[in-house]
Each structure stands twice: as C-alpha cells, then as structure tokens.
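K.L.:
below are the sequence and a predicted model; questions follow.
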Amino acid sequence: MNELLEKIKKIIPDIKQEIYDSLDLNSLVCFSTHLLENNNIPLTFENIYVASYLCFPTRFCLIGFKEFPDGARINRSILQCLPKYQNLLMGNAKTGYRLTNLGLSRAREVEGKIKLEYVSKNAKQEDISKRTLDYKKKVEELAERSAFKKFNHNKIEEIGIDEIFEFLEITPYSNKAQIKEKLNYFNTVAEYSKSKKFQEFMKWIRNKEEFKVYLKN
C-alpha cells in the first residue's frame, strides 16, 4: 500500500463538480498545493500532480476517461504557474515547489468560491477557531485606519482614494496584480472574521468607480 497516496486521499475535500468546472486550471493547482502545505505534505511535482487530479478529477482527467489523469494537462498547468508565466509557484520538479504570495492569493480566491476551509476532513476544530480569531484581530487593527473609521461613522463622502490605498497597504503606483492580491487577502479577512461591517466596507471599495480605474490599467 502506498502510504503517501493514502495520506493525500484522506485530506481531499468533497468538492462538487459544478462549483469548480468554471475555474481556471492554474488556480486549481494553487488550491491543491496549499491543501498539501496545510497538511504538511511535501510540495513535490508528484504530490501536486496527484492532489490536483483527486481534488478536481473532471478538470484534470483524460477526455472520455474520467478515472485517468491527463499527465500532459497537469504538467502544463504546473509549468504555467511558474515565474516565467504567471508567478504563482516557485521551484522545480527536482527541488520541489512553494506558493508565491500571488499564488497563495489565488488559492484563497478558489477557497472562497468553493466555500471550503483550508483544512483536511479530519482537521481539528480548534484550528478553524484560531484562524477565525486571527482574522477578527486583524479587523480590530484595521478599524483604526482612517478609511474604515470614516466608513464606520457614516462619513463615506470624506474617504479619499489615498486613504483607500493606505488601508489596503499599497500605493496608487502598485501594479494591477499587487492590487488584486491585496483585495483577495482583505476579502478573505472579511469572510472569516464574520464582520458584517468589514464585509460591507470591502464591497464598497470594490464598487467605487474611482478605485476600479486602477484595476483596468
């Protein structure tokens, strides 16, 4: 019996096909990689290969043969995640891989869409509680920043674009990828902190026309 394969199988969440079928392959690889990392399984090419197929079989299988992985497709997806292309993964097949900040952000984006925790089926409940507590502390810290403080006091018209960038820990000169990465991170904070006010604030930022301009450049 392959003990490593059995260990990977145990951490694979039950994800409905209709939820992930529309997501891009590179993002799915990021999710699988982070799932392995969270369960202390080495980020080797083989492990990422297996986890990606087991998590998302219909996206990584041979056409017409769902029970068999498409090696070429998985290999190509991992390759496209490297710095030369999308900068989601660092490393190589010989030494192993790690997620970049952008890759981690992409993994969290997938997590948000499939509504799953970054934990295995047998993960301890206190790990989830700790993560929620950490995000709540982050919201308490962010509540002291001028943009969020004004939003809380219904002074929305006084919030300047510079204050929004300061809140998001970026500048107007940050590139689009960096801005999206920060947005994804703060969206994750909003979701897991369960703070309704913070969720409303993040929605307000995303919909603000003056801010959306920076996502188009």
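P.N.:
Structure's in. What do you need?

K.L.:
C-alpha only now, for contacts and for neighbours.
P.N.:
OK.

K.L.:
leaving out sequence neighbours, find the closest residue to Asn75.
P.N.:
Tyr49 (7.5 Å; Cα to Cα, 6 or more residues apart in numbering).

K.L.:
C-alpha coordinates for stretch 84-101, CSV please?
P.N.:
Output in CSV follows, covering the C-alpha atoms of stretch 84-101 (Å, rounded to 0.1, in the frame of the first residue of the first chain):
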residue,chain,number,x,y,z
LYS,A,84,8.1,32.8,-16.4
TYR,A,85,4.4,32.8,-16.9
GLN,A,86,2.0,33.6,-14.0
ASN,A,87,4.4,33.7,-11.0
LEU,A,88,2.1,31.6,-8.8
LEU,A,89,4.7,28.9,-7.9
MET,A,90,8.4,28.9,-7.3
GLY,A,91,10.7,25.9,-7.6
ASN,A,92,11.1,23.0,-9.9
ALA,A,93,10.4,19.2,-10.2
LYS,A,94,13.8,18.3,-8.7
THR,A,95,13.8,20.5,-5.6
GLY,A,96,10.0,20.9,-5.0
TYR,A,97,7.7,24.0,-5.1
ARG,A,98,6.3,26.7,-2.9
LEU,A,99,3.5,29.2,-3.5
THR,A,100,4.3,32.8,-4.1
ASN,A,101,2.2,35.5,-2.4
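
K.L.:
how about residues contacting it?
P.N.:
When contacts are defined by Cα atoms under 8 Å, 6 or more residues apart in numbering, stretch 84-101 is touched by residues 30, 33-34, 42-45, 78, 80-83, 102-104, 106, 181.

K.L.:
just to revisit the earlier point, any buried residues in whichever strand or helix holds the residue nearest to Asn75, and which?
P.N.:
Secondary structure from DSSP states H and E places Tyr49 in helix 45-55. Under the neighbour-count criterion of 16 or more other Cα atoms under 10 Å, helix 45-55 has 45, 47-55 buried.

K.L.:
in CSV: the residues you listed, plus distance to Lys113 and pLDDT.
P.N.:
CSV is the format used below for the buried residues of helix 45-55 (distance: Cα to Cα, whole Å; pLDDT from 0 to 100):
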residue, distance to Lys113, pLDDT
Phe45, 25, 93
Asn47, 23, 93
Ile48, 20, 95
Tyr49, 22, 94
Val50, 22, 94
Ala51, 18, 93
Ser52, 17, 94
Tyr53, 18, 93
Leu54, 18, 92
Cys55, 14, 91
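
K.L.:
kindly reformat the residues you listed as CSV containing distance to Pro13.
P.N.:
Output for the buried residues of helix 45-55, formatted as CSV (distance: Cα to Cα, whole Å):
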residue, distance to Pro13
Phe45, 20
Asn47, 16
Ile48, 15
Tyr49, 16
Val50, 14
Ala51, 10
Ser52, 11
Tyr53, 12
Leu54, 9
Cys55, 7
